[in-house]
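Participant: predicted model follows, preceded by the sequence.
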Amino acid sequence: MQENTHVNPTFTKLPSEKQKRVLDAAIEEFSRWGYDKASINRIVDRIGIAKGSIFQYFGSKKNLYFHIFEYAVALVRRSLKGVKAETEGEGFFIRLAKSLQAGIYFIQRYPRIYQIYLKMLFQEDFPFRTDLLRTIRLSSMDYLRPIIEEGINRGELREDLDPGVAAFILDAVMDRFLQAYCIAYMDSGLGLFQASEKVIQARIEDCVEIVRLGMASGDSPAGEPAA
């Protein structure tokens, strides 16, 4: 999916402040009600515009939702791009820790967007679920794989490590970590649910250390001698 493929020029030509009001209202609605129960009437009432305006902007409820999805994916990619740039030249495990931190900060800044993702993840009858989740997972793999390959090339990770498999495992760990921060029953005694910054940092260090001991080569400056 490409950004803005589900939006009409009538929306993109609006002042940025009005665009933001529309997006905020739609995100609020979808985060509370999911897709099927989301109401265009509630969205326009919240904004104070005519119902027909939404259809002029997007054409349909589906297009509005897909635009919100594309907007959210673009925000995530921008966040991860910033992490990658800020950690350029740093070790793999530092980059992994900062990626987890960025995930927590994203949820804190955009909690309603993350709620939309959780509804999509856990509601099997969620419309368009398969394609949208595939887009998210592939985007995560595209971020992680090059970092892993750099770690292998720098001697921080085992030479025989399969970058695709490693990216798959790390994506699963990171996704579950963020879920534990937001959902009490996903915490499983970790103490991460709505935790303080101090606890979050400690748990990030714990997770990264476990990954390091399982993935680091004996020659890595941050690693232990291989058995």
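Facilitator: Nice, I can see it. Numbering: from 1, shown residues only.

Participant: contacts and neighbour counts: CA atoms only from here.
Facilitator: Noted.

Participant: do a quick rundown of the helices in the chain.
Facilitator: For the chain, applying DSSP state H gives helices covering 9-12, 16-33, 40-47, 51-58, 61-86, 92-109, 111-122, 129-153, 163-182, 184-187, 197-215.

Participant: so can I have CSV of those helices showing mean pLDDT and mean neighbour count?
Facilitator: Listed next are those as CSV, based on pLDDT from 0 to 100; neighbours: other Cα atoms under 10 Å:
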stretch, mean pLDDT, mean neighbour count
helix 9-12, 94, 13
helix 16-33, 96, 17
helix 40-47, 96, 16
helix 51-58, 95, 16
helix 61-86, 95, 17
helix 92-109, 97, 18
helix 111-122, 95, 18
helix 129-153, 95, 17
helix 163-182, 96, 18
helix 184-187, 93, 14
helix 197-215, 91, 15
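
Participant: tell me which residue is most central in the chain.
Facilitator: Centroid-nearest residue in the chain: residue 76, 5.3 Å away (criterion: Cα atoms, centre = their mean).

Participant: let me see the domain layout of the protein.
Facilitator: 1-66, 87-222 (automatic domain parsing).

Participant: need the ones you listed in JSON lines with distance to residue 80, can you?
Facilitator: Formatted as JSON lines, these follow (distance: least, Cα to Cα, whole Å):
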{"stretch": "domain 1-66", "distance to residue 80": "17"}
{"stretch": "domain 87-222", "distance to residue 80": "7"}
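
Participant: residue contacts, the residue nearest to the centre of the chain?
Facilitator: Neighbouring residues of residue 76 by Cα atoms under 8 Å, 6 or more residues apart in numbering: residue 106.

Participant: what's the distance between it and residue 82?
Facilitator: 10 Å (Cα to Cα, to the nearest Å).

Participant: one more: residue 208?
Facilitator: Residue 208 is 20 Å from residue 82, where distance means Cα to Cα.

Participant: what does residue 95 give?
Facilitator: 11 Å.

Participant: do residue 169 as well
Facilitator: On the measure of Cα to Cα, residue 169 and residue 82 end up 22 Å apart.

Participant: that concludes my questions; thank you for your assistance.
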